[in-house]
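> from the sequence below, what's the structure:
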Amino acid sequence: MTEQKKTIGLGWQLAFAATSGCSATVVVQPMDLIKNRMQTSPGLGVGSCVKNIITEGGPTALWTGLGAGLLRQCSYTTVRLGVYRKMEESYTANNFFEKLLMGGSAGFVGSLFGNPAEVALIRMCADGNLPVAERRGYTSAFNALSRIVKEEGLATLWRGSTPTIARAIVVNAAQLGTYSQAKESIRKGVGLNDGILLHFCAAMVSGMVTTIASMPVDIVKTRLQCQKYVNGVPEYKGVIDVFSRIIKAEGVLSLWSGFWPYYFRLGPHTVITFILVEQLKDLYLNASK
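As a prediction, the model looks like this:
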């Protein structure tokens, strides 16, 4: 008699994803802040960015926007990882393309839930780049969301949703699909057994691939979500306008501006998230035997 494969309910999958994503965010929030500041202030270097942040608000200012980052994890990351894990349990991908497709689908669903928190996070992180008189001065993630709705309308919470969705599809296709493929390849090629070392190696590969693939879309998303309005006219006309103006004014390589802060945010975040998800999953399965 064949032993039935034990599965984990969607509720637990979402809980594991939220716990893992939030834990990783607390660790990497300074890199996310630096990345967003650099993307909205062309020419700003990592050292100058860190110095400006600490000079203005002290070391704890490096965690500016943490509340919005955690809210984003509880919406976007929770949904995308939970949905992906459930898809993995329900369907065995036959090839790498199918893994990419599953990852992209999970990212699409997650981005719809996460865009409001994304807008709040980007604005809170980029606020320090603005002149004091022009700063929005949000006091928390929920203050940001309520003020955005009150001052600019509910639809503003989904501003930049097109590049956000595009980024989510690229990120999750690369991150989730590559992670699954790397884990399988390393297990077979190197002979590593399933465990923390295997999860770490697969996550590092996934983090680098995801950084390279997603940065151009990420910088466009950031610029759109932080754009100014002059007499009711937006700074940019849309995604194509942002791309073309960045390339024309700053050069093609500027699409990867803030690469190392982005990688050192995304890489460790990927590692911590996936390792915690795997460990929580194993604890749950072992406890339920």
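> give me the sheet partners of the lowest-mean-pLDDT helix or strand in the chain and which way each runs.
Across the helices and strands of the chain, mean confidence by mean pLDDT, DSSP states H and E is lowest for strand 229-230: a mean of 78. Strand 229-230 sits in its sheet next to strand 233-234 (antiparallel), going by DSSP bridges.
> moving C-terminal from the partner strand, which element do we reach first?
helix 239-250 (DSSP states H and E).
> now do the buried residues in that following helix.
Val239, Val242, Phe243, Ile246 (16 or more other CB atoms under 10 Å). C-beta here means a position set from N, CA and C on the backbone, and glycine is covered the same way.
> stretch 264-279 now?
264-278.
> returning to what we had before: and the least confident of the buried residues of helix 239-250?
Lowest pLDDT among these: Val239, with 85.
> any idea how far Asn115 is from Ala174?
20 Å (CB to CB, to the nearest Å).
> so what's the closest residue to Gly45 other than its chain neighbours up against?
Once flanking residues are discounted, Gly45 sits nearest to Met38: 7.8 Å by CB to CB, 6 or more residues apart in numbering. By CB atoms under 8 Å, 6 or more residues apart in numbering, the residues touching Met38 are Leu44, Gly45, Val46, Cys49, Ser257, Gly258, Pro261.
> Arg37 versus the second one, what's the distance?
I take that to be Gly45. 11 Å.
> more crowded one of those two?
More crowded of Gly45 and Arg37, by other CB atoms under 10 Å: Arg37, with 25 against 10.
> who's in contact with the more buried one?
Counted by CB under 8 Å, 6+ apart, Arg37 has contacts Leu44, Cys49, Asn52, Ile53, Cys125, Ala126, Gly128, Asn129.
> please redo it, this time with the cut-off set to 7 Å
By CB atoms under 7 Å, 6 or more residues apart in numbering, the contact list for Arg37 reads Leu44, Cys49, Cys125, Ala126, Gly128, Asn129.
> what does Pro268 give?
So Pro268 contacts Val27, Val28 (CB under 7 Å, 6+ apart).
> helix, strand or coil for it?
Under DSSP: H, G, I helix; E, B strand; the rest coil, Pro268 falls in the helix class.
> what separates it from Ile148, distance-wise?
For Pro268 relative to Ile148 (CB to CB), the value is 29 Å.
> quick one: pLDDT of Glu152?
pLDDT, read off for Glu152, is 89.
> follow-up on the earlier one: could you dump the contacts of Met38 into TSV with secondary structure and distance to Arg159 added?
What follows is the contacts of Met38, written out as TSV (DSSP: H, G, I helix; E, B strand; the rest coil; distance: CB to CB, whole Å):
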residue	secondary structure	distance to Arg159
Leu44	coil	23
Gly45	coil	28
Val46	helix	28
Cys49	helix	24
Ser257	coil	21
Gly258	coil	21
Pro261	helix	23
